[in-house]
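Enquirer: Sequence isn't available, so here's the structure alone:
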Ligand SMILES: Nc1ncnc2c1ncn2[C@@H]1O[C@H](COP(=O)(O)OP(=O)(O)OP(=O)(O)O)[C@@H](O)[C@H]1O
């Protein structure tokens, strides 16, 4: 369920929309909008912990228990985001707005406020604002202030915001607002003023993502696998409904994937509702996802036979009317929810030029024998992790039933697509379709185009958060399969967001031993809010497919992580034994520690990110030495320098720029650990920074 969709479910029909009374969003808004900003700051400083918080568990008896644990922890995370919001470099400052109108419904005050265009451009839907009759400043004691949520940006320099001034909800169970003088003061101010009353306002942070997570948390009772989520166990495994992978495709998979990767794909083909795939670094998680996509999109239910030319349907089935056949397929297959609209609109055996061909791979040829196709959603927690996998699909393509590699129809939806995946980004595809329809003199609107692109795409790529956006609400074709990459790096409510689209099978691919989800609130963290659904399931004994051969690290490097984190079970693929020329110098690998004794850590801004200047200087020299002796390292971006600290990345970039020129980034990647995740290089130099 999209947040915006949920918001409009009251049927008001207005843009931005009222929120339905008793909806999860109404509850979220009432709780958050009632909070006292100044008290949140003090509580955070004093590390005050609310009473009654409980730790997350491995399994839950019922939804009430589940929500009673997760909801308060999610609210702790919201508080931490609010407190952190103003710490971050934010260009917005206090602004004045003129109240143009104010109406009240379901206890909320809805204000239309005229603001400067610069401010209007900086705020978006679900941004949290702080409103006050006076500007917060030292020595000023504000008497009338409250939070507000941006509902929409109207035309002509106005924004519509929602406040809740009835009181503060202090007890989540009773959820009765308690009287608060500052809210009463603000309430009388906004109600008594007729025109041109001025309010001060400042943007605190965006709550879009966490609101989607909150809505998703409350959507669990409506999910088909509600019990599975609560119990972390599959009760009703349906036997005998395996998928048949066409022989040529199976040959390809067997030749190109290792046994553990194949096992993971077989687990999916056996139709378990949830399949967990754990992949230590470089064990081919992405490779396995590509194999899964080929299998999911081109396999047939076991009641249908396949041959190398495509699918042929057994006689008893062929004799049936199309509707009956479809009915049978739907019963036989949880991946099929209906006829694929693509098959209805595509030219038979043809290419519809869905996106421009950027490499030698051919776009999909739709075979007239193919009567069905799963609709797949692939998600990742971050834009960079998502683009990494989109790029792999674009570069490697996927394999069809005849094992012919092709580019599937895909769309990458959401914000900030990397330039390398622009050609499949939603905005680009919409623009192309718009240009085509203008050329054909056809009128069409963007919303409809977006919905049709989502329906037509075989695979939709989205971040976890964006999958809860209203962009999905007009889609008419639900997803059959959801694949979540880096699934151990997201909090449980984030994983629930894409599941609300009505999927039937979920693949969680990740590694709980690697980076966990980012949780800002130390209190929520302490109570286990950062534990991913993947880890919770694993702890509860849910079966996990383990990928056990790594293809990235030289055996000398993999030895330690294998022993330390994976009980020694991680094996090395053959290719990693390759000897690089620079190994002739022991100080150039396979791995080497350099003790920069004179190095000192410091915080240039007095707090936050750390730097170590001496380390940066040493790394510049080390790279210079390597690249001079082994010029092949300069033939492409084969070297990376990574560090956990953003400021260190900044000074490293500056040093490399001054030593090697403006274009240094064409041969060397300097990035944070998070920013580099999922990528590989011949040589990696890690800058530890902390040296005490
Ligand atoms: N079965 C295989 N045989 C040979 N090479 C493989 C196989 N599977 C994966 N690889 C290679 O191993 C490397 C790592 O694969 P991939 O990027 O899919 O791993 P990953 O688990 O997604 O990595 P990360 O840990 O960064 O998430 C790639 O170079 C890939 O081509």
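Expert: That came through, no problem. Model, not experiment: these values are computed from the prediction.

Enquirer: from here on, contacts and neighbour counts on C-alpha atoms
Expert: Fine.

Enquirer: Show me what the longest helix belonging to the chain packs onto, helices and strands only.
Expert: The helix that spans the most residues within the chain, counting by DSSP state H, is helix 63-85. Here helix 63-85 is seen to pack against helix 37-45, strand 197-206, helix 208-218, helix 522-526 when contacts are counted using 3 or more CA pairs under 8 Å, 6 or more residues apart in numbering; DSSP states H and E.

Enquirer: Point out the residues in the stretch 551-692 of the chain that sit beside the ligand.
Expert: 551-552, 678-679 (CA under 6 Å from any ligand atom).

Enquirer: Let's see that with 8 Å instead.
Expert: By CA under 8 Å from any ligand atom, the part of the stretch 551-692 of the chain that sits against the ligand consists of 551-552, 573, 575, 677-680.

Enquirer: now, which of those residues sits nearest the ligand?
Expert: Closest approach between these and the ligand, by CA to the nearest ligand atom: residue 678, at 3.1 Å.

Enquirer: got the phi/psi numbers for residue 496?
Expert: phi -70, psi -20 (degrees, to the nearest 10).

Enquirer: hang on, the earlier thing: following the longest helix of the chain, which helix or strand comes up?
Expert: Next helix or strand after helix 63-85 toward the C-terminus (DSSP states H and E): strand 95-105.

Enquirer: what angle separates the longest helix of the chain from helix 208-218?
Expert: For helix 63-85 against helix 208-218, the angle by axes from the mean of the first three to the mean of the last three CA atoms, to 10 degrees is 170 degrees.

Enquirer: quick one: contacts of stretch 526-534?
Expert: 53-56, 70, 73-74, 276, 487-492, 495, 508, 510, 512, 516-519, 524 (CA atoms under 8 Å, 6 or more residues apart in numbering).

Enquirer: Would you write a ChimeraX line that selects the buried entries of those residues?
Expert: Buried residues within the contacts of stretch 526-534, by 16 or more other CA atoms under 10 Å, are selected in ChimeraX with:
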select :53,56,70,73,74,276,487,488,489,490,491,492,495,508,510,512,516,517,519,524
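
Enquirer: for whichever residue of the stretch 401-550 of the chain sits closest to the ligand, what are its contacts?
Expert: Of all residues in the stretch 401-550 of the chain, residue 550 sits closest to the ligand, at 6.6 Å by CA to the nearest ligand atom. Neighbouring residues of residue 550 by CA under 8 Å, 6+ apart: 280-284, 570-573.

Enquirer: And residue 248, which helix or strand is it part of?
Expert: helix 247-256.

Enquirer: re the thing from before, any idea what sits nearest the residue of the stretch 401-550 of the chain closest to the ligand, other than its immediate chain neighbours?
Expert: residue 283 (4.1 Å; CA to CA, 6 or more residues apart in numbering).

Enquirer: For that neighbour, which residues are in contact?
Expert: 547-552.

Enquirer: at 7 Å what do you get?
Expert: Neighbour list for residue 283: 547-551 [criterion: CA atoms under 7 Å, 6 or more residues apart in numbering].

Enquirer: Could you export these to JSON lines, including columns for distance to residue 627?
Expert: Shown next, in JSON lines, are these (distance: CA to CA, whole Å):
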{"residue": "547", "distance to residue 627": "35"}
{"residue": "548", "distance to residue 627": "34"}
{"residue": "549", "distance to residue 627": "31"}
{"residue": "550", "distance to residue 627": "27"}
{"residue": "551", "distance to residue 627": "25"}
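
Enquirer: Just the pLDDT for the closest residue to the ligand within the stretch 101-250 of the chain.
Expert: Nearest to the ligand in the stretch 101-250 of the chain, going by CA to the nearest ligand atom, is residue 250, at a distance of 14.0 Å. The per-residue pLDDT reported for residue 250 equals 93.

Enquirer: how about the nearest residue to residue 518, chain neighbours excluded?
Expert: Distance criterion CA to CA, 6+ apart; nearest residue to residue 518, sequence neighbours excluded, is residue 530 at 6.9 Å.

Enquirer: Just confirm that neighbour is within a helix.
Expert: No: assessed with DSSP: H, G, I helix; E, B strand; the rest coil, residue 530 is coil; it does not lie in a helix.

Enquirer: For it, give me phi and psi.
Expert: According to degrees, to the nearest 10, residue 530 has phi -80, psi -10.

Enquirer: Same check on the one 10 residues further on?
Expert: Backbone dihedrals for residue 540, given as degrees, to the nearest 10, come out at phi -80, psi 0.

Enquirer: give the contact list for it.
Expert: Contacts of residue 540 (CA under 7 Å, 6+ apart): 58-59, 232.

Enquirer: rewinding a little: burial count for the residue of the stretch 101-250 of the chain closest to the ligand?
Expert: Other residues near residue 250 number 20, with proximity taken as other CA atoms under 10 Å.

Enquirer: so how far is residue 549 from it?
Expert: From residue 250 across to residue 549, the span is 20 Å (CA to CA, to the nearest Å).

Enquirer: So, low pLDDT: which residues of the protein?
Expert: 1-21, 86-92, 193-196, 236-241, 301-372, 437-444 (pLDDT under 70).

Enquirer: which parts of it sit against the ligand?
Expert: Residues of the chain lying near the ligand (CA under 8 Å from any ligand atom): 256-258, 261, 279-289, 486, 510, 549-552, 573, 575, 677-680.

Enquirer: Which members of those residues occur in helices, if any?
Expert: Per DSSP H, the residues of the chain next to the ligand map to helices at 256, 261, 285-289.

Enquirer: Give me the three-state assignment for residue 515.
Expert: coil.

Enquirer: just checking, it touches residue 487?
Expert: No: applying CA atoms under 7 Å as the test, residue 515 and residue 487 come out as separate, 10.6 Å apart.

Enquirer: related to what we said a few turns ago, strand 197-206 and the longest helix of the chain, what's the angle between them?
Expert: Going by the same axes, to 10 degrees, helix 63-85 makes 110 degrees with strand 197-206.

Enquirer: how far out from the middle of the chain is helix 63-85?
Expert: Taking CA atoms, centre = their mean, to the nearest Å, one finds the center of helix 63-85 at 19 Å from the center of the full chain.

Enquirer: can you list contacts of that helix?
Expert: 40-41, 53-56, 60, 204-205, 221, 520-521, 524, 529.

Enquirer: If you count neighbours, what's buried in it?
Expert: 63, 66-85.

Enquirer: and the angle for that helix with helix 37-45?
Expert: 100 degrees.

Enquirer: For the stretch 201-350 of the chain, which segments are assigned as strands?
Expert: Using DSSP state E, counting those that start in this stretch, the strands assigned to the stretch 201-350 of the chain run over residues 243-244, 274-278, 300-301, 305-307, 310-312.

Enquirer: Just give the number of residues close to the closest residue to residue 158 other than its chain neighbours.
Expert: In space, and not counting its chain neighbours, residue 158 is closest to residue 114: 4.2 Å by CA to CA, 6+ apart. Number of residues near residue 114 (other CA under 10 Å) recorded here: 22.
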